[in-house]
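> Output the structure for:
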Amino acid sequence: MRRAEGDASAVAGNTIRKGVPTMAKVRSWVGLDVHGAKVVACVVDAESGEMTVHRLSGDTAEVVAFCCGLPRPTKAADEAGPTGYGLARALAAAGVGCVVAAPR
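From the prediction side, this is the model:
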């Protein structure tokens, strides 16, 4: 396809959004290492930079309550595993964004 003479831009008409990418505004980042009987949560406070590690039971309600008790907004990453997507769905329903990472 030939461009019109007045159109010097090589990306004219491109639908890719231009500009500076933005990062999510998050206060608490949570990484969840999920096993059948227990969950290890690693929390990073974006404001202070402090990192803490917590051992929780494998009970979904306990993990959700823990994440909801952190300073908001909170985002979590959960590895796909024995809980399936149940934990991710429960976190999302409680207002905690959660991505599920597939282990290799």
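> show me where the protein has helices.
Per DSSP state H, the chain carries helices over the ranges 60-68, 86-93.
> quick one: the shortest one to helix 60-68, angle?
By that I understand helix 86-93. 40 degrees (axes from the mean of the first three to the mean of the last three CA atoms, to 10 degrees).
> Make residue 1 into 318 and carry on from there
Okay, using 318 as the starting number, the last item reads as helix 403-410.
> now for helix 403-410, which elements pack on it?
Secondary structure elements in contact with helix 403-410, counted by 3 or more CB pairs under 8 Å, 6 or more residues apart in numbering; DSSP states H and E, are helix 377-385, strand 391-396, strand 414-418. Yep, even glycine has a C-beta here, placed from its N, CA and C like the rest.
> residues in contact with the shortest one?
To tie it back to what came earlier, the one meant is strand 414-418. Among residues not part of strand 414-418, those counted as contacts by CB atoms under 8 Å, 6 or more residues apart in numbering are 390-397, 402, 404-405, 408-409.
> Buried residues, stretch 410-421. List them.
Judged by neighbour count using 16 or more other CB atoms under 10 Å, the buried positions of stretch 410-421 are 413, 415, 417.
> cool, and stretch 391-410?
Going by neighbour count (16+ other CB under 10 Å), the buried part of stretch 391-410 is 391-396, 398, 400, 404-405, 407-408.
> Same list (the helices and strands packed on helix 403-410) but as TSV, adding mean pLDDT.
Shown next, in TSV, are the helices and strands packed on helix 403-410 (pLDDT from 0 to 100):
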stretch	mean pLDDT
helix 377-385	97
strand 391-396	94
strand 414-418	93
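> All set, thanks.
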